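Novice: Here is my input; please provide its structure:
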Amino acid sequence: MSPSSFNDIVPPERRSIRNISPSHARARGSRPYEGEPPEESADAPQRPPRRPRGGRRRLGIFLLLVAVLALATAGFSFLLSGSKIVVVPKQKEVVIEGTFEALRDGEGSAALSYQLMTHTKSVSENVEAEGEEEVHEPASGTIVIYNDFSSAEQRLVKNTRFESPKGLIYRVADSVTVPGQRTEGGKTVPGSVEAVVYADKPGEEYNSEPTDFTIPGFKGDPRYEKFYARSKTPLAGGFDGMRPAVDEATLTKATDELKAKATEELKKEAAAQKPEGYHLFDDLTFIAFDPISTASEDGKVTLTQNATLYGVLVSDENLARFIAAQTVAGYDDEPVRVEDPTTISLALAGEEAEPWKAEKLSITANGTAHLIWAFSEEGLKEDLTGREKAALPTILSGYPSIEKAEVVLRPFWRQSFPENPDEITVEIVLTE
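Specialist: Numbers count the residues shown, from 1 in each chain. Coordinates of the predicted model:
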């Protein structure tokens, strides 16, 4: 149809795009119908509203966080669980100064009691011979004397004889006291003491490797089988005749060096061998030197210095009780200790030629001691086991050595101590 024909058929007043059929518009790709939606029938099924997908995801994350928080709380409570009692024991700072009597193997807190520690050492040095000399020297060495007879100590007088299996006689130059038997681990152990013996005569025949000895003076007595001795060092230095020698200056210099060496080694070894729970005071440690012995071979002279250390040993417990008895009013022999025994100095009050032979000594004591009253930690834990926290004052009434205590129980809601005492920790706090 030509444009002129269209104009002829459609009147001018209807020549508008609004009069074009919708089917024609969709055919050409025009926009869909935008009129009012048709009314739905009342009988049509109603679809439920959809839940947003994000809500389910948030709920799952929330539940997961709650579970993690619960596990973390349980684990944290487990890590912080425990039972501890913080104890402040009774304490006192005291000053002691004065002169006191110390008793060997004494008893009682009012008296300062001590034991004597002995330790021997032999040091040698080789020097070039510088001539000859006539020598008449007895062999000597250190022996250990045993008392397996009774718990009573036995005093052996000066020149007591000791006989070797070869029938050779050696003697102690000074009297010696052999301690009695003691019990260790349920067994009876012989008492023992060290001593230096000298051959009855000079000569090399008395030189010997370590050996055993009997005491001839006890023959016919039950003690003969129960008192005996054994060498701790070889018996050496015995000589009778001419031999290479050194001059006086060389001998003096070598002797001084050997004494210094012996002293240093003796003190070091004594400190290492000191019994646990005892204090060895430097000013109450004495060293005795034997005459230097000489031996020669191939133009060399061997100089040997034997030395014995005598140390006054004071138990830490006895020292603390003694100080408390002297300085604390109303002290009634309660268990007490000194925090640091080195703050106390003990020394001889006067001159004593051979203090290791005395049965009692006059001693000066000076220093400041931090006294700490003691109590049984294991006993306290046993008493706390399974008890309520509120029972603490009653339990502490049985521990006068405790000034105050604080309980820490975890978790915080716990109100009683565990049933196992090993799960209770005792922490001791000292005041400055």
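
Novice: so D256 is in which element?
Specialist: helix 248-273 (DSSP states H and E).

Novice: if I pick D282, what's in contact with it?
Specialist: Neighbouring residues of D282 by CB atoms under 8 Å, 6 or more residues apart in numbering: K267. (Each C-beta comes from the backbone N, C-alpha and C, glycine too.)

Novice: Could you say which helix or strand holds it?
Specialist: D282 is part of strand 278-289, with elements assigned from DSSP H and E.

Novice: Also F100?
Specialist: strand 91-104.

Novice: just V426 next, same as before
Specialist: strand 424-428.

Novice: again, but for F62
Specialist: helix 53-79.

Novice: contacting residues around the next helix or strand after that helix?
Specialist: As assigned by DSSP H and E, the chain's next helix or strand after helix 53-79 is strand 82-89. If you take CB under 8 Å, 6+ apart as the criterion, strand 82-89 is touched by 372-375, 380, 384, 392, 401-410, 414, 417-418, 423-431.

Novice: Would you mind listing which of the residues you listed are buried?
Specialist: Listed as buried from the contacts of strand 82-89 are 372-375, 380, 384, 392, 401-402, 405, 409, 417-418, 424, 426; burial here means 16 or more other CB atoms under 10 Å.

Novice: Among those residues, which are located in strands?
Specialist: Among the buried ones among the contacts of strand 82-89, the members found in strands (DSSP state E) are I372, W373, I402, A405, L409, I424, V426.

Novice: who are the neighbours in contact with the second one?
Specialist: By that I understand W373. By CB under 8 Å, 6+ apart, the residues touching W373 are P89, K90, Q91, E334, P335, V336, P400, S401.

Novice: if we can go back for a sec, give me the residues contacting the strand holding V426.
Specialist: Here strand 424-428 makes contact (CB under 8 Å, 6+ apart) with 82-89, 377, 380-381, 384-385, 417-418.

Novice: tilt between that strand and strand 82-89?
Specialist: Following axes from the mean of the first three to the mean of the last three CA atoms, to 10 degrees, one obtains 30 degrees for the angle between strand 424-428 and strand 82-89.

Novice: if we can go back for a sec, and the buried ones among the contacts of strand 82-89, which is closest to L59?
Specialist: L409 (38.5 Å; CB to CB).

Novice: The most centrally placed residue in the chain in helix, strand or coil?
Specialist: For the chain, E276 is the residue whose C-alpha lies nearest the centre (CA atoms, centre = their mean; 9.8 Å). Here E276 is recorded as coil under DSSP: H, G, I helix; E, B strand; the rest coil.

Novice: okay, the nearest residue to D247 once chain neighbours are set aside: pLDDT?
Specialist: Closest residue to D247 apart from its sequence neighbours, by CB to CB, 6 or more residues apart in numbering: E130 at 5.0 Å. pLDDT recorded at E130 is 88.

Novice: Torsion angles phi and psi at E130?
Specialist: Note on E130: backbone dihedrals following degrees, to the nearest 10 are phi -130, psi 20.

Novice: separation between it and G191?
Specialist: E130 sits 46 Å away from G191, going by CB to CB, to the nearest Å.

Novice: same deal with V429?
Specialist: When distance is defined by CB to CB, V429 is 42 Å away from G191.

Novice: And for T343?
Specialist: T343 sits 33 Å away from G191, going by CB to CB.

Novice: Neighbour count: the two, which is higher?
Specialist: Neighbours per residue, other CB atoms under 10 Å: of T343 and G191, the larger number sits with G191, 20 against 12.

Novice: how about the more buried one, what does it touch?
Specialist: By CB under 8 Å, 6+ apart, G191 lies in contact with Y146, N147, E153, V178, P179, G180, Q181, R182.

Novice: same deal with P355?
Specialist: P355 is in contact with L284, F286, Y310, V312, L348, L361, counting by CB under 8 Å, 6+ apart.

Novice: let's see it at 10 Å
Specialist: By CB atoms under 10 Å, 6 or more residues apart in numbering, the residues touching P355 are L116, L284, F286, Y310, V312, L348, L361, S362, I363.
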